[in-house]
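Visitor: please work out how this folds:
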Amino acid sequence: MSRIVLSAAVLACLSLSGCISFGGSDDTTVQDVAVGQQLTDLDAAYKQGLLTQREYDRKRKQILKQ
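Guide: Next comes the predicted model:
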């Protein structure tokens, strides 16, 4: 049960991290960094065993579509 809760928390954080904007004149750079960080975080969660391959693939595809 705790793995499911932890996986949900990780996915929620990953989803929200793409919504953060730090202002400034170059939003594209901020978005690229956010996407890169999301992919890094997703990879780390997968390697820690918090996500299944299917969850990882689905979330990775979603991040790349942003």
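
Visitor: so where is the chain shaky, pLDDT-wise?
Guide: Segments of the chain classed as low confidence (criterion: pLDDT under 70) are 1-28.

Visitor: ok, which stretches of it are helices?
Guide: 2-17, 27-47, 53-65 (DSSP state H).

Visitor: packing partners of the shortest one?
Guide: So that's helix 53-65. Helices and strands touching helix 53-65, as assessed by 3 or more Cβ pairs under 8 Å, 6 or more residues apart in numbering; DSSP states H and E, comprise helix 2-17, helix 27-47. C-beta: built from backbone N, CA, C; applies to glycine.

Visitor: what's the spacing between Ala44 and Arg60?
Guide: With distances taken as Cβ to Cβ, to the nearest Å, Ala44 is found 13 Å from Arg60.

Visitor: higher neighbour count, these two?
Guide: Summary of the neighbour comparison: Ala44 and Arg60, criterion other Cβ atoms under 10 Å, with Arg60 having more neighbours (16 against 12).

Visitor: just give the nearest non-adjacent residue to Leu39, would you?
Guide: Setting aside the residues directly before and after it, Leu39 is nearest to Ile63 in space (Cβ to Cβ, 6 or more residues apart in numbering), at 6.0 Å.
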